[in-house]
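# model this:
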Amino acid sequence: MEKNQVTFESIEVEELRRVLEGIFDAQNEAAGIEKIEDEMIAIAAIYQGKIAGGLIAKQTYESIYINLLAVDEGYREQRIGSQLMQKIEEIARQREMIHLTLTTKSYQALEFYQKNGYEIFGSLEDMPMRGVTKYYLHKRLKV
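Reported below is the predicted structural model:
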């Protein structure tokens, strides 16, 4: 293939996603890795019929990535965040997961996650903007 034959253009996200997932599926198949569908996990903390906070995570193979975790300001200092973390860890252990992973930014909850047993395995300065550091954390479960 000559370089001059390649063009680049914007297309619909779903169309490109299907093609790229097909490429990844072929790579996994060649490596002997069985295809599985990711599973989304949503846990809400309900107080008097209102959502006080919650957690959304994605299970892929033997790991769970915590995508979102937040507690409404009016409900903080009641250990709701810690209880949400305990709940996702309980689910992860029941499913015999190896790792829980997440990211947080320097102005968010780094110390909270560290107090809950998560360790930094990487960081990027000026991500996603100047003056902010993005931290990558994990907790290896003993299964």
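
# count of neighbours near residue 74?
Residue 74 has 9 neighbours, counted by other Cβ atoms under 10 Å. No exception for glycine: its C-beta is placed from N, CA and C like everyone else's.

# Which secondary structure state does the residue nearest in space to the middle of the chain sit in?
Closest residue to the average C-alpha location of the chain: residue 65 at 3.0 Å, with Cα atoms, centre = their mean. Secondary structure for residue 65, judged by DSSP: H, G, I helix; E, B strand; the rest coil, is strand.

# and it, how far is that from residue 97?
Between residue 65 and residue 97 the distance is 11 Å, computed by Cβ to Cβ, to the nearest Å.

# Run me through the strand neighbours of the longest strand seen in the chain, direction for each.
In the chain, assigned by DSSP state E, the strand with the most residues is strand 50-60. Using DSSP bridges, strand 50-60 pairs in its sheet with strand 39-47 (antiparallel), strand 63-71 (antiparallel).

# Out of those strands, the one nearest residue 10 is which?
strand 63-71 (25.7 Å; Cβ to Cβ).

# Name the residues of the closest one that are buried.
63, 64, 65, 66, 69, 70, 71 (16 or more other Cβ atoms under 10 Å).
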